[in-house]
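Student: Structure for this input, please:
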Amino acid sequence: MKETPTMTARRKATGIALVGAAPLVLTVLAASPAAAHGSMTDPVSRVSACYAEGPESPQSAACKAAVRVGGSQALYDWNGVRDGEAGGKSKTRIPNGKLCSANNPAYKGLDLARADWPSSRMRAGTHTFHYKATAPHKGSFELYLTKKGYDPAKPLKWSDLESKPFVKVTDPKLTNGEYVFSGKVPARSGRHLIYSIWQRSDSPEAFYTCSDVVFGKGAAAGASVKSAPLASAPTDSQIAAGAAKSSMDMSHHDHQGAGADGHTGTVRSASAEDPAVGGGADASGNAPRPDGGARPAGTRQLAETGGDSSTAPLAATGAAVVALGAGVLIATTRRKAARSRG
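Tutor: Model prediction:
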């Protein structure tokens, strides 16, 4: 059947509608939450310690100050201190003074130069480290310790850290929802900081933590150190309670069993009765913690590694656009068929 001017106008209108709708679909899907990843829990990271105190009403002076500067959302997003384009170039991408926030303004409260951040007890020698992984990925961990003479009352600079990591491990074992690995901690005295870089090997993305630690009973000579509370990692009940306010999304990941990335074991979480607490006053954090319950935090599945965090949004975007186009095409075809039968 020969196409009439009316049919041509309808076809053009359909094309315009499809093109116009596509950006709307892209906008809606791009606004979906980012995937969550994790943070150090032994020794406890700053963001984890402050989240455990309560994002809306933290107890310590340092965490209260962090919320005043950066707001409470950064604490609800405790597992998202990251640089999506790090690509192994963290030292050139993150400027001095912004190491703890990974140069992300959303986490600027973590960069406050204070000597009273909640801290974990630490001692020289072998220590077992725990890193809560809400979306595990293949990659390597590097842990750096501040140099002798470190002053926590000054902004943290790369030059404050030893030039080489005292721990470097690739694809550590995933145990009960945490990466667990050991390393030999150098001797120090007084207040120091352990800086971690978790660089993915399947993506340029990297994650960062600052863990405040105290060696021995007192302060190092010449260092500015104030009394500070003992840091505790958030329990799974606390994580679940704040999940609804987090902008991080774990729901599209699958974590059961050993994945293609080679991680073993089912990702599980500690129960509320058996919280994951970073090094105690007697350095008991060196000992492995008991297994927890099997229910994932916040009833959301913890993730076994997959593609980059952008993979799911991109796939959803493509599917939505295709579906929209298919719907318009089917409707147009049906109208043409009805007219030809008439």
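
Student: Residue 195 looks like it's in a helix, true?
Tutor: No: counting by DSSP: H, G, I helix; E, B strand; the rest coil, residue 195 falls outside a helix, being strand.

Student: For it, which residues are in contact?
Tutor: If you count contacts by Cβ atoms under 8 Å, 6 or more residues apart in numbering, residue 195 has them with 99, 143, 144, 145, 146, 156, 161, 208, 209, 210, 211. Every C-beta, even on glycine, is put in place using the N, C-alpha and C of the backbone.

Student: ok, and the most crowded of these?
Tutor: Ranked by neighbour count (other Cβ atoms under 10 Å), the contacts of residue 195 have residue 211 at the top, with 31 neighbours.

Student: That one and residue 43, how far apart?
Tutor: Separation of residue 211 from residue 43 (Cβ to Cβ, to the nearest Å) stands at 4 Å.

Student: Kindly report the same for residue 107.
Tutor: Distance from residue 107 to residue 43, counting by Cβ to Cβ: 18 Å.

Student: So for the two, which residue has more residues nearby?
Tutor: Remark: of residue 107 and residue 43, residue 43 carries more neighbours, 30 against 27, as counted by other Cβ under 10 Å.

Student: Which pLDDT value belongs to the more buried one?
Tutor: In this model, residue 43 is scored at 97, pLDDT.

Student: so it touches residue 193, yeah?
Tutor: No: contact status for residue 43 versus residue 193: not in contact, 9.4 Å apart, counting by Cβ atoms under 8 Å.

Student: hey, what's in contact with both of these two?
Tutor: 211, 212, 213.

Student: got JSON lines for the residues you listed, with secondary structure and distance to residue 83 too?
Tutor: Below are the shared contacts of residue 43 and residue 193 laid out as JSON lines (DSSP: H, G, I helix; E, B strand; the rest coil; distance: Cβ to Cβ, whole Å):
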{"residue": "211", "secondary structure": "strand", "distance to residue 83": "18"}
{"residue": "212", "secondary structure": "strand", "distance to residue 83": "21"}
{"residue": "213", "secondary structure": "strand", "distance to residue 83": "24"}
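
Student: which one among these gets closest to residue 67?
Tutor: residue 212 (16.9 Å; Cβ to Cβ).

Student: Identify the bridge partners of the closest one.
Tutor: residue 193 (DSSP bridges).

Student: and the gap between it and residue 102?
Tutor: Distance from residue 212 to residue 102, by Cβ to Cβ: 17 Å.

Student: and if you look at residue 194?
Tutor: Residue 194 is 15 Å from residue 102, where distance means Cβ to Cβ.

Student: before we move on, what about residue 175?
Tutor: Distance of residue 175 to residue 102, computed by Cβ to Cβ: 26 Å.

Student: Equivalent analysis for residue 117, please.
Tutor: As for residue 117, its distance to residue 102 is 17 Å (criterion: Cβ to Cβ).

Student: of these two, who's got more company?
Tutor: Neighbour comparison, residue 117 and residue 102: the larger count goes to residue 117, with 30 against 24 (by other Cβ under 10 Å).

Student: quick one: that one and residue 156 touch, right?
Tutor: No: using Cβ under 8 Å, residue 117 is not in contact with residue 156, being 11.1 Å away.

Student: In space, what's closest to residue 192 - neighbours in sequence excluded?
Tutor: residue 146 (4.7 Å; Cβ to Cβ, 6 or more residues apart in numbering).

Student: residues touching residue 140, list them.
Tutor: Listed by Cβ under 8 Å, 6+ apart, the contact set of residue 140 reads 168, 169, 170, 171, 198, 199, 201.

Student: Pretty sure the second one sits in a strand.
Tutor: Yes: the assignment for residue 169 is a strand, going by three-state DSSP.

Student: excluding its backbone neighbours, what's nearest it?
Tutor: In space, residue 169 comes closest to residue 181 once its chain neighbours are excluded; the distance is 4.6 Å by Cβ to Cβ, 6+ apart.

Student: who's that neighbour bridged to?
Tutor: Under the criterion used (DSSP bridges), residue 181 bridges to residue 129.

Student: Number of residues surrounding it?
Tutor: Neighbours of residue 181 under the rule other Cβ under 10 Å: 20.

Student: Residue 170 too?
Tutor: Neighbours of residue 170 using other Cβ under 10 Å come to 12.

Student: Can you name the residues bridging to the spatially closest residue to it that is not a sequence neighbour?
Tutor: Of all residues not flanking residue 170 in the chain, residue 140 sits nearest, at 4.4 Å (Cβ to Cβ, 6+ apart). Assessed by DSSP bridges, residue 140 has beta-bridge partners residue 170, residue 199.

Student: can you list the weak-confidence ranges in the chain?
Tutor: Within the chain, the stretches with pLDDT under 70 are 1-36, 217-227, 249-342.

Student: one more time with 90, if that's ok
Tutor: Applying pLDDT under 90 to the chain picks out residues 1-37, 133-137, 173, 175-176, 216-228, 236, 243-244, 246-342.

Student: CA atoms of stretch 73-86 as CSV?
Tutor: C-alpha atoms of stretch 73-86 as CSV (Å, rounded to 0.1, in the frame of the first residue of the first chain):
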residue,chain,number,x,y,z
GLN,A,73,25.0,10.9,54.2
ALA,A,74,28.7,10.2,53.9
LEU,A,75,28.3,7.9,57.0
TYR,A,76,25.3,6.1,55.5
ASP,A,77,27.5,5.6,52.5
TRP,A,78,30.3,4.2,54.6
ASN,A,79,31.3,1.6,52.0
GLY,A,80,31.7,4.0,49.0
VAL,A,81,35.0,5.9,49.5
ARG,A,82,36.3,5.4,46.0
ASP,A,83,37.8,6.7,42.8
GLY,A,84,36.3,5.1,39.7
GLU,A,85,39.1,6.1,37.5
ALA,A,86,42.1,5.4,39.8
